[in-house]
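# Sequence unavailable; structure follows:
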C-alpha cells in the first residue's frame with residue numbers, strides 16, 4: 001500500500017487544476033504548468049482535492065503511484081510559491097555577474113562562461129559570490145542549478161568551486177612531504 005500515493009493533494013485557493021485524459025494542467029498566480037502522467041495512473045479532481053489511483057498492486061504501478069502524486073503535488077506547490085536553489089562561489093577571483101538575461105561566470109578559466117536563462121527560470125546575483133536560481137518547475141530549477149554547479153564543482157583540497165548553500169565540502173589534508 002503506497003502511503004504517499006494514497007494521500008490526497010489539497011488544492012489551495014487561486015489554483016485551477018484541469019485533467020484532460022492523461023494531461024494535467026495547473027494554473028496559479030505564478031504561472032501555468034503542464035504534465036502528461038503515465039497511462040496506468042488515473043487522476044481525478046473532487047472540488048479542491050486531487051486523488052491518484054492505480055489499477056493493481058504490481059510493483060511497477062506502486063512505484064508510479066507515489067511518483068505521480070509527488071510530481072502533481074510539486075506542480076501545485078510551484079504555481080503558488082516559486083522554488084529556489086542557492087549556489088555559493090568560493091575561490092579567489094571567482095565571481096558571477098548578471099548581464100540582461102545572461103549569467104556570466106568567471107571561474108579561473110582563460111575565458112568567461114555565459115549561460116542564457118531558460119524559459120521559466122530566472123537567475124539572481126545578489127552579490128558576486130552567490131547565485132539564486134528561481135522558477136515554478138521544481139525539476140527545471142534543480143537541473144539548472146546542477147548545470148551551473150558542473151562548470152566548476154568544488155574541490156576537496158582548497159574548497160574552491162561552486163556549491164549549494166546547504167552542501168558541506170569534506171576537506172582533505174594535503175601531502176605532508178614525509179619520505
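Arrived safely. None of these values were measured; they are calculated from a predicted model. Residues are numbered from 1 along each chain as shown.
# how about the strands in the chain?
Using DSSP state E, the strands of the chain run over 9-10, 16-20, 23-27, 32-36, 42-46, 49-53, 83-90, 95-99, 102-106, 113-116, 121-127, 130-135, 161-164.
# Of all these, which one comes closest to residue 63?
strand 49-53 (12.7 Å; C-beta to C-beta). Yep, even glycine has a C-beta here, placed from its N, CA and C like the rest.
# So which elements touch that closest one?
In terms of contacts (3 or more C-beta pairs under 8 Å, 6 or more residues apart in numbering; DSSP states H and E), strand 49-53 is packed against strand 9-10, strand 42-46, helix 59-80.
# now do 6 Å
Packing partners of strand 49-53 (3 or more C-beta pairs under 6 Å, 6 or more residues apart in numbering; DSSP states H and E): strand 42-46.
# Just list what the strand it packs on packs against, helices and strands only.
Using 3+ C-beta pairs under 6 Å, 6+ apart, strand 42-46 is in contact with strand 16-20, strand 49-53.
# thinking again about what came up before, would you format the strands of the chain as JSON lines with mean pLDDT and distance to residue 152 included?
Conversion of the strands of the chain to JSON lines gives the following (pLDDT from 0 to 100; distance: least, C-beta to C-beta, whole Å):
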{"stretch": "strand 9-10", "mean pLDDT": "93", "distance to residue 152": "39"}
{"stretch": "strand 16-20", "mean pLDDT": "93", "distance to residue 152": "41"}
{"stretch": "strand 23-27", "mean pLDDT": "95", "distance to residue 152": "35"}
{"stretch": "strand 32-36", "mean pLDDT": "94", "distance to residue 152": "31"}
{"stretch": "strand 42-46", "mean pLDDT": "92", "distance to residue 152": "41"}
{"stretch": "strand 49-53", "mean pLDDT": "93", "distance to residue 152": "40"}
{"stretch": "strand 83-90", "mean pLDDT": "96", "distance to residue 152": "8"}
{"stretch": "strand 95-99", "mean pLDDT": "95", "distance to residue 152": "11"}
{"stretch": "strand 102-106", "mean pLDDT": "95", "distance to residue 152": "8"}
{"stretch": "strand 113-116", "mean pLDDT": "95", "distance to residue 152": "9"}
{"stretch": "strand 121-127", "mean pLDDT": "95", "distance to residue 152": "16"}
{"stretch": "strand 130-135", "mean pLDDT": "96", "distance to residue 152": "12"}
{"stretch": "strand 161-164", "mean pLDDT": "95", "distance to residue 152": "5"}
